[in-house]
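Trainee: Got a predicted model here, sequence first, then my questions.
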Amino acid sequence: DVQLQASGGGLVQAGGSLRLSCLVSGFTLDDDVGIGWFRLAPGKEREAVSCISPSDDDKYYGDSAKGRFTISSDHAKNTIYLQMNNLKPEDTAVYYCKAISAWGEVWGQGTLVTVSS
């Protein structure tokens, strides 16, 4: 049973940092799978923040993440991280991780990030 568990959200002041974690189970990061972080803010469309192919470390960053966020994988811990630096109030959103593979797509539950000005 494929499951993703996101954590690490919280309240932070503008300019601060947070590290989100996405613990996966039911598959390994050595498999042919892509893991993405997405966010949904009130009144806005869902946005792809960053994605990684853990098997070859291929990475993608959305425009809002470039230069500030870093995605990484820890195969031993079956965990994908999103390090977010220099956070801005517009980064406030619920952040979700998603696994994409030949067997389909599975979303984790969200973790709320709130950035105060």
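Mentor: Perfect, thanks for sending it.
Trainee: Closest to the centroid, which residue in this structure?
Mentor: Trp37 (3.0 Å; CA atoms, centre = their mean).
Trainee: Could you verify my assumption that it touches Glu47?
Mentor: No: judged on CB atoms under 8 Å, Trp37 makes no contact with Glu47 at a distance of 9.7 Å. Just so you know, the C-beta spots here come from the backbone N, C-alpha and C atoms, and that holds for glycine as well.
Trainee: Which residue, neighbours along the chain excluded, lies closest to the residue nearest to the centre of the chain?
Mentor: Spatial nearest neighbour of Trp37, excluding adjacent residues (CB to CB, 6 or more residues apart in numbering): Val49 at 4.4 Å.
Trainee: same deal with Leu18?
Mentor: Nearest one to Leu18, counting by CB to CB, 6+ apart, is Met84 at 5.0 Å.
Trainee: ok, the one you found - contacts?
Mentor: When contacts are counted by CB atoms under 8 Å, 6 or more residues apart in numbering, Met84 touches 17-20, 68-69, 91, 113.
Trainee: And it, what's its pLDDT?
Mentor: Confidence at Met84, expressed as pLDDT, is 98.
Trainee: just Lys59 next, same as before
Mentor: 98.
Trainee: Number of residues surrounding it?
Mentor: Lys59: 14 surrounding residues under other CB atoms under 10 Å.
Trainee: my guess is it meets Ile71, correct?
Mentor: Yes: if you go by CB under 8 Å, Lys59 and Ile71 touch, sitting 5.6 Å apart.
Trainee: what do those two both touch?
Mentor: 50-52.
Trainee: and which of these is nearest to Ala102?
Mentor: Cys51 (16.3 Å; CB to CB).
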